[in-house]
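Visitor: below are the sequence and a predicted model; questions follow.
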Amino acid sequence: MSQGRTFFVMLVLTVIAAGLAGWGGVEYGLHKSVASTDLDVVLHRDLGLSSGQERKIEELESGFGKDRRALQAEMHVANRDLARVIVEEHVYGPNARRAIERFHAAMVALQEKTVRHILAMRAVLNPSQAKRFDETIKRSLGAEAP
């Protein structure tokens, strides 16, 4: 095989691997969001929220849900663009970089919004509830073994 062809094949494989790694990272994050189910259970069932606290948290969750869906859609579009670039252009050029950067920007924005959302919910809690909430967060993020 010629050096040019070998380079091209390796480049395509690298771009595919990068796309799969990005996709895998998102899938891992979404699977880790099962921990958010634990957080929801603790928040809505175990903390004994007042009706006022429930209302405030529902408002926060509604707004966050819209943001999360929009950013997940943006990541999906970026991945679709990356696939198109790989199939049509067969080079790791500006369009591939742009698609990857677009994906990463949406992923970072989602993570930042998630952290802000968690902190906003925590601000609604009393000190005793916040302590239990913090323990769940530490377990969810792997800072403490279950």
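Guide: Now that the structure is in, tell me what you want to look at. Numbers count the residues shown, from 1 in each chain.
Visitor: next, the buried residues of stretch 104-111.
Guide: 106-107, 110 (16 or more other Cβ atoms under 10 Å). For glycine as for every other residue, the C-beta is placed from the backbone atoms N, C-alpha and C.
Visitor: do stretch 72-84 as well
Guide: Buried residues in stretch 72-84 (16+ other Cβ under 10 Å): 74-75, 78-79, 81-82.
Visitor: do the same with stretch 49-69
Guide: Buried, per 16+ other Cβ under 10 Å, within stretch 49-69: 49, 53, 56-57, 60-61, 64, 68.
Visitor: thinking again about what came up before, any chance of the buried residues of stretch 72-84 in CSV, with secondary structure, pLDDT and distance to S2 too?
Guide: What follows is the buried residues of stretch 72-84, written out as CSV (DSSP: H, G, I helix; E, B strand; the rest coil; pLDDT from 0 to 100; distance: Cβ to Cβ, whole Å):
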residue, secondary structure, pLDDT, distance to S2
E74, helix, 93, 39
M75, helix, 91, 37
A78, helix, 92, 33
N79, helix, 91, 31
D81, helix, 92, 30
L82, helix, 91, 27
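Visitor: and which of those residues is nearest F133?
Guide: Closest approach to F133 among these (Cβ to Cβ): M75, at 27.5 Å.
Visitor: dump the residue contacts of that closest one.
Guide: Contacts for M75 were tallied using Cβ atoms under 8 Å, 6 or more residues apart in numbering; they are 26, 103, 106-107, 110.
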